[in-house]
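Peer 1: What follows is a predicted structure for the sequence shown.
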Amino acid sequence: MEYKGERDEPVSIPTLVLYEMYRDRLRSDGPADIPDLDYKLRWANNVGFDRYSALEAAEIESELASQGELINGADILIAGIARRKEMLLVTADEDFSNIKYLNVFDVREDSLDSL
């Protein structure tokens with residue numbers, strides 16, 4: 001089963017985002033809920049952090065540092081994956097808004113019509 005978004009494109013989740021979801025689930029509900037989370041996310045492709053994403057993340061960190069706008073390390077790594085793979089990053093985290101050339105959809109502010 002594969003979910004396709006509004007634009008009929010496959011949906012991918014960076015493995016670093018999966019880590020954050022697993023971490024949060026373990027903190028709140030415990031290990032028993034992990035299979036439930038996996039089941040709910042079965043439609044998504046997983047995108048890993050590779051050499052090229054690492055380079056992209058390092059470039060993003062350098063850009064943000066030169067602007068005096070550093071964000072947390074995990075978000076920089078996630079942005080590296082998304083920007084390198086030219087993925088639309090769907091988020092409710094405003095930290096991503098200052099990253100140049102990153103395609104971001106902010107669920108709190110953007111309209112589905114903008115997709």
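Peer 2: Structure's in. What do you need?
Peer 1: okay, CA-based contacts and neighbour counts for the rest of this
Peer 2: Will do.
Peer 1: and Glu56, how many neighbours does it have?
Peer 2: The tally of other residues near Glu56 (other C-alpha atoms under 10 Å) stands at 21.
Peer 1: ok now the one helix or strand it maps to, how far from the chain's centre?
Peer 2: Assessed by DSSP states H and E, Glu56 sits inside helix 51-67. How far helix 51-67 lies from its chain's middle: 15 Å, per C-alpha atoms, centre = their mean, to the nearest Å.
Peer 1: Contacts for the next helix or strand after it, please.
Peer 2: Remark: after helix 51-67, the chain's next helix or strand is helix 73-84, criterion DSSP H and E. For helix 73-84, contacts defined as C-alpha atoms under 8 Å, 6 or more residues apart in numbering pick out 14, 16-17, 47-49, 52-58, 60-61, 88-89, 95-96, 101-103.
Peer 1: Let's see that with 6 Å instead.
Peer 2: With C-alpha atoms under 6 Å, 6 or more residues apart in numbering as the test, helix 73-84 has contacts from Ser53, Glu56, Ala57, Leu102.
Peer 1: Great, nothing more from me.
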